[in-house]
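[1] next come a sequence and a model predicted from it.
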Amino acid sequence: MADVASPALRDLVARRRRGYMLERDFYTDPDVFRADLEYIFNRHWIFVGVEPDVPEPGDVMTLKIGDNDILICRDDDGAIHAMHNVCRHRAARLVSTEKATVGRLVCPYHAWTYGLDGALVHAEHMGEDFDHSCHGLKKIHLRSLEGLLFVCLAEEPPADFDEMARIVGPYIAPHEIANCKVAQQIDLIEEGNWKLTMENNRECYHCALNHPELTTSIFEFGFGFDAREDDPARAALRRNYDDMVAQSCSAWAASGFPSEEIGHLDDMVSGFRIGRMPMDRDGESQTLDTKVASRRLLGQAKEKRLGDLSFHTQPNSWHHFMSDHIVTFSVLPLSPDRTLLRTKWLVHRDAIQGVDYDLENLIRVWRETNLQDGALVGLAQAGASGAGYVPGPYSAETEGQVEAFANWYVRRMAAHLGIEPAR
Amino acid sequence: MADVASPALRDLVARRRRGYMLERDFYTDPDVFRADLEYIFNRHWIFVGVEPDVPEPGDVMTLKIGDNDILICRDDDGAIHAMHNVCRHRAARLVSTEKATVGRLVCPYHAWTYGLDGALVHAEHMGEDFDHSCHGLKKIHLRSLEGLLFVCLAEEPPADFDEMARIVGPYIAPHEIANCKVAQQIDLIEEGNWKLTMENNRECYHCALNHPELTTSIFEFGFGFDAREDDPARAALRRNYDDMVAQSCSAWAASGFPSEEIGHLDDMVSGFRIGRMPMDRDGESQTLDTKVASRRLLGQAKEKRLGDLSFHTQPNSWHHFMSDHIVTFSVLPLSPDRTLLRTKWLVHRDAIQGVDYDLENLIRVWRETNLQDGALVGLAQAGASGAGYVPGPYSAETEGQVEAFANWYVRRMAAHLGIEPAR
Amino acid sequence: MADVASPALRDLVARRRRGYMLERDFYTDPDVFRADLEYIFNRHWIFVGVEPDVPEPGDVMTLKIGDNDILICRDDDGAIHAMHNVCRHRAARLVSTEKATVGRLVCPYHAWTYGLDGALVHAEHMGEDFDHSCHGLKKIHLRSLEGLLFVCLAEEPPADFDEMARIVGPYIAPHEIANCKVAQQIDLIEEGNWKLTMENNRECYHCALNHPELTTSIFEFGFGFDAREDDPARAALRRNYDDMVAQSCSAWAASGFPSEEIGHLDDMVSGFRIGRMPMDRDGESQTLDTKVASRRLLGQAKEKRLGDLSFHTQPNSWHHFMSDHIVTFSVLPLSPDRTLLRTKWLVHRDAIQGVDYDLENLIRVWRETNLQDGALVGLAQAGASGAGYVPGPYSAETEGQVEAFANWYVRRMAAHLGIEPAR
């Protein structure tokens, strides 16, 4: 019954020190967690899934964002709606499975019946004065960004989603998500605060030591480094890399696949970053042998070597688009020290498992990488929970996007608390 | 260490809207849960069991109401006592099993020894100045309502229990609970707030969709309906039903079994409702074939078709009395979102399992009905916990007793908080 | 984010009634638990292990005290250090196993590398301005009391540890802990508050009823009794016992094993009690047959019958030293109602399992005794958590050390809260 905007929280946000990790309470305190849900997850655009999650009319997907039990379904006209998954009569959850296909939404308690657009169409015993039109399911804002589904629980969602969509739409559109299917979904519960999951995603300083599968296809130079630590041989390698990136991006852009990096991670409410990078070892895709996992290329792709288009959004997602498959990641907080990482692997909807793609080969790199990252997040949570924790410095060379995430987070908290953003 | 009567709780109680479900915090907030224990379960008469739970001298039953570990035992003179189940020396719980038979109550820690009335009779090493009479077990008020055991943890229990007992005693007495035995007890933990368990019990709007076993023997007209939805055939059926109820009740009353419905669900502190209804399909008892489950009829019953005497009490019980068996239900809160439903099936103490009754046949209807209700309570808790929950309207036709429960609860909270009851 | 020194806590401490158990909140309230960690476990010398836990350079032991993840290791010069087990960069826990042997401490996240003394020796990508010397692991005070390891998390540890060490050093030294090995460690989680674990340890009033193994070798007169309850035969036995204690202690002292009881349980910040007692049945050791468990005697012991040197410290340890083995006990709070009791059995480092000692015979008495005590602590927690709990009186004859523990605890809380100690 308490207010989330406590003086202690205001102080905590106001005294944040730039260039350093956040203080302990940000990762452990139940009150901060409630504020995270209230100010971040209930008021921004949250990535929750893809159009292929509900490919046909009547298809339903459910999920939770904090306390919000959410139902997403496609109606008979093909439109996708998001609604609160709770009956307007006696509060029963309408759909309890993650996926379902229905004609109408019938409450299991007293059979109140709703259409796929949430309108109440039948309720027994309620008398003549009862107004059905006042008892439809509560709607939630939903946007499809070229097939990526975002919801916003606020009454007035951040307006700059349109600006983000305008910029990144041309990057994503040629991969044609609507023509994909979800080949696999894996839910991993990480034993750490959701911000540690995000911070972990926003740097590759830890990759060399921890991700043998992932580093097969990604270039070590792609994520920052300290040039002063280079020897001449390494410096030459790096110059070659820079040239190759420039050439590849030009070629891809010319064939209809924009690739130039654009970043607004901490200067927009709907913060994001997008850009396409070549792969190491003449790589085609994020697989162990760096070859495509699926023979059916996506959308307008004509060649296998389309690099890796990575798209990051604040506060909760990242995505990799390749010529043959897409991997999307959605981060959903469960408690101060537990976070759901939901990963979906998409291939062409006509690709046949065992013929066009081998599922194990498709998912192996990111399944293993996620497990490795989950263990690291657990170690960071263990350490950050301790009285001996001191926020450490970020590397200016390799942890700039971690800092950008922390900046974005603190600015958004400050904005909702009505205080000066930390400098 | 905090006070339960917070301003937030007062506001919540004061702003309750009649005719609608309670607000979310009532079902989820830990502070409201503490207040429920303090104001409702610690200050009213709570149904906990039956005399046949402790049939012989030395028989002990234990249970928990919130934080209170309670011991009920029958002494050598046959009197039944309720006491706190905690040693007066170093706090050890005296009896850790649910049922036991003892000569005296000996503490397992340092062997302090109490009589069956709770008096301390022996304690070693305590010196000459030690006064045994000051260290007996703390007593708890206990009343047997014709064999139904109620306890009250308050120093001054609600006085109108006597009024309730005066009214309902003649209904219950002829079933002679003291001559029964507990044939079966099942403890079901429902994943919902105790008030959702109670609300679920107080209507049958959900029965047709959810309770195939129970609706075999109960009349669909017995729990309210919207007459305006009737077609002529159904209206005729209902008139027949009304005539049959009137005739049956007259006949039962003439044979010593009062049957007329009397309800004080929300206008007494010890709120209750009692009444006897005939069964469908010429039914005798709540079994799948609607025939008696036990050949040994109870008490003064001469005929099998005695209908179903249902007795409801606020805040935590309901009971069904038939010619051959009795089913009692006790609701005990465990946490904001978990509730224990304890069900006991009673038959004549001389009835022999496998000869006079088949246990599976005896318990099947209510075991299944409870499981079905438990699932519904879980769905309601899931929905009511969500940010998308809006308290819905009760049906005036079928949910009047749900409204009466909510009224009673809010009034009692208001009384203990010293505020105006909600209108 | 809250302050632990609430008015409610001050009242609770201030109104403590001497001679009686503590009030319920002391055993159950999360705020009191936080204060226990802050004022007791973070500001006093806490027993955590023994030098043989880290016998060689590079050996590491980890443990938790409340929120503090602690790493203890022996460096290449043989010095033992205690440090917070958390990387100064991105908070990862450095060592996740309870024991390890390492060359350097390498963080698994980004490979920051520390020496065994905690100094940061390598960190990649941090730029030229980065000062390694400011980013060493945070140190924790550590003292070895003749081989018993104590840590203190406060910046300024209690100074009277030196006084305690001066007094008890001569008792412990001849047992030569540094020449022992840890033959067995057992971690038992007791379902009770840590203070109930301590109170249980500080009396033997409960032994006769609960500890058949332990009472084989300990004298019933050694822990207090009410002389007025003696009959003449028992009084004579007691006089014999008193004579034997005096003679034994003189003889042991003469052979270099001080034995006289010295107690400062509640009049020093580093409260303790030490003393040696003979064993019953001409006993040599705490085993089922009262004979030594290990043929290799410890340190300067020349004879098997050296009695039992017991050493108790506030707030969290006790120890038994015999001619052939040592048992140490460390109490670590996990939550208001869960406590870790960590027991280590030490024998001579050259003793060979199966030849010089049988492991089952070595550990049986205290393994069983701990389990019995753990069950009693669970019963006391269950009782003390209830609304029916009333703090009971301690026996002046047998529970003086329980009272001393409660006195010490309340005085220390009062001192840190800046209020008058309870009288």
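    Here it is on my side, so go on. Numbers count the residues shown, from 1 in each chain, chains lettered A, B, ... in the order given.
[2] just checking, A:P30 touches A:D337?
    No: using C-beta atoms under 8 Å, A:P30 is not in contact with A:D337, being 10.0 Å away. All C-beta spots, glycine's among them, are computed from the backbone N, C-alpha and C.
[3] quick one, which of these two is more surrounded?
    Neighbours were counted for A:P30 and for A:D337 using other C-beta atoms under 10 Å in any protein chain shown; A:D337 has more, 22 against 12.
[4] what's the separation between the more buried one and A:N193?
    6 Å (C-beta to C-beta, to the nearest Å).
[5] now swap in A:E56 and tell me
    37 Å.
[6] the two: who's more crowded?
    A:N193 (29 against 8).
[7] now the phi/psi pair for the closest residue to chain C within the stretch 251-400 of chain A, please.
    Closest contact between the stretch 251-400 of chain A and chain C, by C-beta to the nearest C-beta, is at A:G388 (2.6 Å). When read as degrees, to the nearest 10, the backbone of A:G388 gives phi -90, psi 0.
[8] which residue is the nearest non-sequential neighbour of the closest residue to chain B within chain A?
    Per C-beta to the nearest C-beta, A:H84 is where chain A lies closest to chain B, at 2.6 Å. Using C-beta to C-beta, 6 or more residues apart in numbering or on different chains and skipping residues adjacent in sequence, the residue nearest A:H84 is B:G388, 2.6 Å away.
[9] isn't the one you found right next to A:C87, touching?
    No: using C-beta under 8 Å, B:G388 makes no contact with A:C87, being 10.4 Å away.
[10] hang on, the earlier thing: any idea how far the residue nearest to A:H84 lies from A:P157?
    16 Å.
[11] more neighbours: the two, which one.
    Between B:G388 and A:P157, counted using other C-beta under 10 Å, B:G388 has the larger neighbour count: 23 against 20.
[12] can you pull the pLDDT of the more buried one?
    B:G388 is assigned 90 on the pLDDT scale.
[13] just A:A100 next, same as before
    pLDDT, A:A100: 98.
[14] got the phi and psi for the residue nearest to it when sequence neighbours are not counted?
    Of all residues not flanking A:A100 in the chain, A:V60 sits nearest, at 4.4 Å (C-beta to C-beta, 6+ apart). Torsion angles at A:V60 (phi, psi; degrees, to the nearest 10) stand at phi -130, psi 140.
[15] per-domain residue ranges of chain A.
    A:49-156, A:160-411 (the TED database).
[16] I'd like the ones you listed as CSV, with distance to B:Q300 appended.
    Formatted as CSV, those follow (distance: least, C-beta to C-beta, whole Å):
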stretch, distance to B:Q300
domain A:49-156, 38
domain A:160-411, 58
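[17] my guess is A:K64 contacts A:L71, does it?
    No: with contact defined as C-beta under 8 Å, A:K64 does not count as touching A:L71 (10.7 Å).
[18] these two: who's more crowded?
    Higher neighbour count among A:K64 and A:L71: A:L71, with 24 against 15, using other C-beta under 10 Å.
[19] give me the secondary structure label for that one.
    strand (DSSP: H, G, I helix; E, B strand; the rest coil).
[20] do the same with A:A404
    Classified using three-state DSSP, A:A404 is helix.
[21] now do it against C:L306, distance only.
    Taken as C-beta to C-beta, the span from A:A404 to C:L306 is 67 Å.
[22] cool, and A:R104?
    From A:R104 to C:L306 the distance is 84 Å (C-beta to C-beta).
[23] of the two, give the one with the bigger neighbour count.
    Just comparing A:R104 and C:L306: by other C-beta under 10 Å the higher neighbour count belongs to C:L306, 27 against 12.
[24] excluding chain neighbours, what is closest to that one?
    Spatial nearest neighbour of C:L306, excluding adjacent residues (C-beta to C-beta, 6+ apart): C:S323 at 4.0 Å.
[25] and that neighbour, what is it in contact with?
    Counting by C-beta atoms under 8 Å, 6 or more residues apart in numbering or on different chains, C:S323 touches C:284-285, C:292, C:297-298, C:301, C:303-306.
[26] now do 7 Å
    By C-beta atoms under 7 Å, 6 or more residues apart in numbering or on different chains, the residues touching C:S323 are C:284-285, C:292, C:297-298, C:301, C:303-304, C:306.
[27] what is the burial count for the closest residue to A:S248 other than its chain neighbours?
    Once flanking residues are discounted, A:S248 sits nearest to A:P278: 4.5 Å by C-beta to C-beta, 6+ apart. Look at A:P278: counted by other C-beta under 10 Å, it has 22 neighbours.
[28] go ahead and confirm A:P278 touches A:V245.
    Yes: A:P278 is within contact range of A:V245, at 6.1 Å (criterion: C-beta atoms under 7 Å).
[29] and the residue positioned nearest the centre of chain A, what are its bridge partners?
    The residue lying closest to the centre of chain A (C-alpha atoms, centre = their mean) is A:S317, at 1.7 Å. Beta-bridge pairing for A:S317 (DSSP bridges): A:T313, A:S330.
[30] wouldn't it be in contact with A:V327 here?
    No: A:S317 lies out of contact with A:V327 (C-beta under 7 Å); the separation is 11.2 Å.
[31] so what's the residue in chain A sticking out farthest from the centre up against?
    Distance from the C-alpha centroid of chain A, by C-alpha atoms, centre = their mean, peaks at A:E128 (46.4 Å). If a contact means C-beta under 7 Å, 6+ apart, then A:E128 has B:R228 as its contacts.
[32] look up how far A:A111 lies from it.
    According to C-beta to C-beta, A:E128 and A:A111 sit 19 Å apart.
[33] could you do A:R338 as well?
    Distance, A:R338 to A:A111, using C-beta to C-beta: 36 Å.
[34] repeat that for A:G66.
    Distance from A:G66 to A:A111, by C-beta to C-beta: 29 Å.
[35] those two: which is more packed in?
    Taking other C-beta under 10 Å, A:G66 and A:A111 do not tie; A:G66 has more neighbours (20 against 17).
[36] mind listing the helices for the stretch 51-200 of chain A?
    With DSSP state H, counting those that start in this stretch as the criterion, the stretch 51-200 of chain A has helices at A:161-172, A:194-201.
[37] now those helices in CSV, with distance to chain C and mean neighbour count?
    Output for these, formatted as CSV (distance: least, C-beta to the nearest C-beta, whole Å; neighbours: other C-beta atoms under 10 Å in any protein chain shown):
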stretch, distance to chain C, mean neighbour count
helix A:161-172, 28, 17
helix A:194-201, 7, 25
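[38] possible to save the ones you listed as a markdown table with mean pLDDT?
    As requested, the helices of the stretch 51-200 of chain A are arranged in a markdown table below (pLDDT from 0 to 100):
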| stretch | mean pLDDT |
| --- | --- |
| helix A:161-172 | 98 |
| helix A:194-201 | 98 |
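[39] got those as a markdown table, with distance to C:W366 columns?
    Formatted as a markdown table, the helices of the stretch 51-200 of chain A follow (distance: least, C-beta to C-beta, whole Å):
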| stretch | distance to C:W366 |
| --- | --- |
| helix A:161-172 | 65 |
| helix A:194-201 | 41 |
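[40] before I go, just wanted to say thanks for your time.
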